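Colleague: Requesting a structural model of the entry that follows:
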Amino acid sequence: MNYAQTLDFLFTALPSFEEKGASAYKPGLERIGEFCRALGNPQRNFFTIHVAGTNGKGSVSHMLASILQQAGYRTGLFTSPHLQDFRERIRVDGEMIPKQKVVNFVDKHHDKMVDLKLSFFEMTAALAFDYFAQSDVEVAVIETGLGGRLDATNVIVPIVSIITNIGLDHTALLGDTPQKIAAEKGGIIKKSIPLIIGEADDRYNEVLEQIAAANRSRVIYAEREFGCEALDAEAGSRYLLERMRDGHRYEVAPDLAGIYQRKNLVTVAAATDFLHESTPLTISRRAFVEGLRTAAAITSLRGRWQQLGERPLTICDTGHNPHGIRYVAEQLAATPYRALYCVVGFVRDKDLAHILPLLPKEAHYIFTAARTERAIPADCLCAKAAIYGLRGEAVAGVEAAVARAKELAGPEDLIFIGGSTYVVAEAL
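Modeller: All right, here's what the predicted structure looks like:
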């Protein structure tokens with residue numbers, strides 16, 4: 001097979017949650033465990049950091065990978081979903097896995113993957129582990145796909161586990177309360193492996209603490225370890241971090257924009273501090289500061305409050321659940337504009353009753369649908385949004401919707417594009 005044929009096999013023969021939704025979700029570690037054993041358990045050949053959470057886990061993973069690379073370690077990074085290129089999911093020192101490596105892996109293991117009836121995500125995780133081992137990776141940052149307890153990535157035994165936060169998302173699969181979702185995401189906690197909680201919350205702290213206690217694992221609350229203060233009005237430009245135990249302060253200037261990155265910075269600071277103090281890894285202050293300054297550049301992270309144009313200012317963001325949309329709404333409110341135009345689309349399994357009321361009512365909406373069978377049709381979304389006082393128009397196709405927004409907006413206006421990762425991906 002060539003690369004195009006390989007991708008066709010991956011996206012058609014192996015069920016993908018991104019394309020099919022819940023019907024493609026295959027919880028459990030039996031299949032991935034057996035496949036990894038057939039590969040020689042490559043995931044045991046390097047240190048790993050496991051990152052779960054409802055929001056922020058992608059940003060945290062990319063920042064940590066950049067910091068580790070700046071510290072001189074050969075670093076693997078596994079994330080999902082991708083925005084434009086499948087290979088975005090698997091990187092070593094910021095570089096995507098070569099196409100030929102993907103082809104060779106699928107050619108070699110095609111029959112075994114089919115026999116085991118692997119999901120798309122299970123295959124991708126195993127490919128990442130195998131490639132990292134082949135590439136002499138020293139430490140890899142592994143982001144969960146969905147949940148944690150039964151997620152394919154949970155075959156690893158990390159040196160630290162991180163849960164960024166917990167909110168309501170994928171409730172049909174993970175549970176309909178923060179406590180139930182916490183029980184699933186808390187499944188990444190391993191025996192005697194410390195857990196870092198990025199954002200504490202009385203609704204789920206106890207659940208995670210109980211799982212940690214059963215595993216005799218230390219719990220580290222990031223917000224008790226570090227404080228973070230914005231130093232200027234421009235979101236994401238400069239912050240002052242303070243380590244609580246000794247009052248040590250240092251300024252950081254991350255290249256990831258968005259006011260919500262302040263929460264992620266605290267999580268990353270606590271994780272980096274733990275790695276330096278309590279593991280074989282050594283991470284200097286210079287590596288930490290430089291890693292944050294170049295995180296998006298080194299790891300090619302896109303879609304996090306990313307500016308796509310000026311006059312009108314055009315911004316995209318992949319926030320897609322109530323927790324993420326709340327931060328998007330706060331950022332929109334803090335951004336000056338004459339008029340606001342929002343190009344938004346959502347997939348069917350999102351809780352619109354808790355998302356749509358968070359969006360600004362003064363905006364003019366251009367409702368659209370990305371090219372995925374999970375997308376809510378634009379006219380249907382327009383009708384649902386009207387119930388919550390959101391007014392606008394339906395335009396089929398993201399490209400046409402963005403063009404319509406540019407047609408309507410003046411140079412002093414703001415165009416926001418989001419609601420779904422797929423909408424952002426097509427806009428990019």
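Colleague: what stretches of the stretch 301-428 of the chain score poorly on pLDDT?
Modeller: Residues of the stretch 301-428 of the chain meeting the criterion pLDDT under 70: none.
Colleague: can you give me the strands in it?
Modeller: 306-309, 313-317, 340-344, 364-367, 392-394, 414-418 (DSSP state E, counting those that start in this stretch).
Colleague: Now do the same contact list for His364.
Modeller: Ala339, Leu340, Tyr341, Cys342, Arg391, Gly392, Leu408 (C-beta atoms under 8 Å, 6 or more residues apart in numbering). Placement of C-beta: from N, CA and C, glycine included.
Colleague: Report the contact partners of Gly33.
Modeller: Val155.
Colleague: Leaving out sequence neighbours, find the closest residue to the spatially most central residue of the chain.
Modeller: The residue lying closest to the centre of the chain (C-alpha atoms, centre = their mean) is Gly58, at 2.8 Å. Nearest residue to Gly58 in three dimensions, chain neighbours excluded: Thr79, at 5.6 Å (C-beta to C-beta, 6 or more residues apart in numbering).
Colleague: which residues does that neighbour contact?
Modeller: Counting by C-beta under 8 Å, 6+ apart, Thr79 has contacts Gly58, Ser61, His62, Glu88, Arg89, Glu143.
Colleague: Distance-wise, check the residue nearest to the centre of the chain relative to Thr318.
Modeller: With distances taken as C-beta to C-beta, to the nearest Å, Gly58 is found 8 Å from Thr318.
Colleague: Return every residue with contacts to both of the two.
Modeller: Arg304.
Colleague: Surely Val51 is within a strand?
Modeller: Yes: the assignment for Val51 is a strand, going by DSSP: H, G, I helix; E, B strand; the rest coil.
Colleague: Isn't it up against Pro158?
Modeller: No: the pair formed by Val51 and Pro158 falls short of the contact definition of C-beta atoms under 8 Å, at 9.1 Å.
Colleague: Between these two, which is the more surrounded one?
Modeller: Set Val51 next to Pro158 and count neighbours by other C-beta atoms under 10 Å: Val51 wins out with 32 against 23.
Colleague: Can you give the distance of stretch 259-269 from its chain's centre?
Modeller: In terms of C-alpha atoms, centre = their mean, to the nearest Å, the centre of stretch 259-269 is set 13 Å apart from its chain centre.
Colleague: all helices for the stretch 151-300 of the chain, in order.
Modeller: Per DSSP state H, counting those that start in this stretch, the stretch 151-300 of the chain carries helices over the ranges 171-174, 178-185, 205-214, 222-225, 261-278, 285-293, 295-299.
Colleague: Looking at those, which is nearest to Gly419?
Modeller: Closest to Gly419 of the helices of the stretch 151-300 of the chain, according to C-beta to C-beta: helix 171-174, at 17.7 Å.
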